[in-house]
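Engineer: My questions concern the predicted model and sequence given below.
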Amino acid sequence: MQNNMGSVKDLIRDDSLAGRLYVPPTATDFGIGAWRVSGRFSVGDLKHLIPDANIKDKAEALTMSTAAFFEWLAYSSWIRTCYEGVMDKNGKVTDTKTLLERGETSNIIVMRLAHVPETFCDGELKDYRTALQKRELRCGVADIESIFRHGFPLGSSTFEKIFDAVGMKARYETLATYDDTVQALDEIRRLVQQQGIGKFPELEKLLKKSGLKNIPNPGHVLSDIVYDTTTKFEAGGDRRIDKTEAQKLSGLSVKGYQEWAEKMFPALARAQIAFCGERGILNIDGKAECVAYHGMPVVTDFCCTVDENRLMIETEIEGVKWAIPSNKEIQRAVFRQAGVYAAISEAKEMAASDGDANKWRDYVPTALRNRRIDLRAVSEHSCELMGHAIGEVANRTLGKRVFDAKPLETWTREFLPYASKVEEEAA
C-alpha cells in the first residue's frame, strides 16, 4: 500500500537509507517503500486518552514474524504478495534467515506499494471506487477485507452477538474471564432449552452463519473455516457485504475476484493456520487484503501477526489444553477487569445526558476518577503482559529464541483467567 497500513506502521519517506528506497506507485504499476513498525497499541477506542506506551519487542517481533511467514509462503505456495524483504542496519534488503544468522532483527519491512484513496484522489472514496471499477486505476488496494474464522476464543465478537441476541448485552459487558463467560453462557443455554431456539431468531441466524450447531464455549475450534467479507475504506468502519458488492468494490475483474474469493484467500487462510499449527500457535481467526493489479489479486499488508490475527499460544496445564491470548484480547480483558469499560459506559451516559453523545471521551477522565482507576497503571500492566506473549509467539514463529520473553511457566498463570480451553470440533 502507499500509506495507512495501520496504526503501527509508518511509510518512510525521508533522506535515510530506508527513505531513499521509496518510489510511489502509478495508476498502472507498483511502487516500493520501507515501513517502520512501532510498538504502539490501542485498546477500547480511547485514542489519545491512553498514556504513551510501547510494548517490549513488539516492533521487531511483528516485522520478523510476518516476514518469516511471507518467506515460507513464497517457498511453499503459488500465492502472490507485495512482500520484498526486511532491511538490515546497513540499509540493504535481505531476509529473516540472513538477519538471524547475524544475530540481528529488524523493524523495517519493504513492500511493493499500491494506491489507496488518500494517495489517488485525496481521500474521495466514491471517486476511488469509480476509478477502480472503470480500470482507470489498475494498481489500487481493493476496498474489501476478507476474513476467516477457525474458532471462537474468549473476547470473540461472536460471544457479544450471542448475548445481544438473547437480550443480555449489558451482562456481557461485565464479563472478563473464561469462567465468568462460561457461567453466563450456561445461563443462555438453559434459557434456550426452556423456551426453544425459535424464540430467539437472531441467535438461530447467528449460529447458522457462524457454522455452529450449538452455543460454544470460548476455545471452540471449528472443523472447517468460515469466511466473510467487509468493506475496508468506509469512514463509518467495516461493513459486512455480500459477494456481489464485494466483487464490485474490489476493483478485481470477474476472473480476478473468483481467484481471490475461491482460491487465493482460502489457500492463504489454510496456509496461515498450518504455519502456526506447526509452531504450537493456534491461529483462530484473521483477515487479509489485496491489491487489484490489472484486475488480478496480490496480497498486501501484514499477514499472520498478533495484530492481524488472533494468534494464541497453545500450552497444556494439568492435562488441559489451553490457548493463551497474545493480542489485544489480553489488553481488553485487563481493561475490563480493572473497570475501564464500565467507566467508558458511564462516560457515554454522561455525554448523552448532556446532549452530545459523540463527546463521550471528554467524560472518561471523570468516570475513571469516580471509580478510582489509574489508567496509566492498567495500560502499563497490560503492555507488560502482552510483551511476554508477543515475544513467545515470535520465538515460536522464528523457530528459535530471538526475543527475551520470560519462560512460559513464569507468567502463564496470570493469563489463565483470560485464556480459552481448546475444544476441537469433530470433522
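Structural biologist: Perfect, thanks for sending it. Numbers count the residues shown, from 1 in each chain.

Engineer: Going by C-alpha atoms from here, please, whenever you check contacts or count neighbours.
Structural biologist: Will do.

Engineer: Could you pull up the residues touching residue 69?
Structural biologist: Contacts for residue 69 (C-alpha atoms under 8 Å, 6 or more residues apart in numbering) come out as 272, 275, 303, 304.

Engineer: Confirm that it lies within a helix, as I assumed.
Structural biologist: Yes: counting by DSSP: H, G, I helix; E, B strand; the rest coil, residue 69 falls inside a helix.

Engineer: Give me the distance between it and residue 305.
Structural biologist: Note on residue 69: its distance to residue 305, by C-alpha to C-alpha, to the nearest Å, is 9 Å.

Engineer: which one's the longest helix in the chain?
Structural biologist: helix 375-398 (DSSP state H).

Engineer: Would you mind extracting the C-alpha trace of that helix into CSV?
Structural biologist: Taking C-alpha atoms only, helix 375-398 is exported to CSV below (Å, rounded to 0.1, in the frame of the first residue of the first chain):
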residue,chain,number,x,y,z
LEU,A,375,-5.4,4.2,33.5
ARG,A,376,-1.7,4.6,33.2
ALA,A,377,-1.0,1.7,35.6
VAL,A,378,-3.6,-0.5,33.9
SER,A,379,-2.1,0.3,30.5
GLU,A,380,1.4,-0.4,31.6
HIS,A,381,0.4,-3.7,33.2
SER,A,382,-1.4,-4.8,30.0
CYS,A,383,1.6,-3.9,27.9
GLU,A,384,3.9,-5.9,30.2
LEU,A,385,1.7,-9.0,29.9
MET,A,386,1.3,-8.6,26.1
GLY,A,387,5.1,-8.2,25.7
HIS,A,388,5.7,-11.6,27.2
ALA,A,389,3.1,-13.1,24.9
ILE,A,390,4.3,-11.4,21.7
GLY,A,391,7.9,-12.5,22.4
GLU,A,392,6.8,-16.1,22.9
VAL,A,393,4.8,-16.1,19.7
ALA,A,394,7.6,-14.5,17.7
ASN,A,395,10.1,-17.0,19.1
ARG,A,396,7.9,-19.9,18.1
THR,A,397,7.3,-18.4,14.7
LEU,A,398,11.0,-18.0,14.1
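
Engineer: Check what contacts it and list those residues.
Structural biologist: Contact partners of helix 375-398, identified using C-alpha under 8 Å, 6+ apart, comprise 50-51, 53-58, 61-62, 64-65, 68, 276, 279-281, 306, 311-313, 325-328, 330-331, 334-335, 338, 340, 368, 401-406, 408, 411.

Engineer: Kindly report the same for stretch 147-160.
Structural biologist: 169, 172, 177-178, 216-230, 269, 283-288, 329, 333, 418-420.

Engineer: and these, which of them are in strands?
Structural biologist: 220-230, 283-288, 420 (DSSP state E).

Engineer: Can you name the residues that contact the spatially closest residue to residue 256 that is not a sequence neighbour?
Structural biologist: Closest residue to residue 256 apart from its sequence neighbours, by C-alpha to C-alpha, 6 or more residues apart in numbering: residue 296 at 4.4 Å. Going by C-alpha under 8 Å, 6+ apart, residue 296 touches 252, 253, 255, 256, 257, 259.

Engineer: For residue 292, give me its contacts.
Structural biologist: So residue 292 contacts 132, 138, 139, 140, 141, 142, 250, 251, 252, 298 (C-alpha under 8 Å, 6+ apart).

Engineer: Could you pull up phi and psi at it?
Structural biologist: phi -90, psi 100 (degrees, to the nearest 10).

Engineer: Skip the chain neighbours and tell me the closest residue to the residue nearest the centre of the chain.
Structural biologist: For the chain, the residue nearest the mean C-alpha position is residue 308 (3.0 Å; C-alpha atoms, centre = their mean). Leaving aside its sequence neighbours, residue 308 sits nearest to residue 286 (C-alpha to C-alpha, 6+ apart; 5.9 Å).

Engineer: In strands, which of the contacts of residue 292 appear?
Structural biologist: Taking DSSP E as the definition of strands, those contribute 139, 140, 141, 298.

Engineer: partners of the second one in the sheet?
Structural biologist: Beta-bridge partners for residue 140, by DSSP bridges, are residue 115, residue 292.

Engineer: any idea how far it is from residue 28?
Structural biologist: 9 Å.
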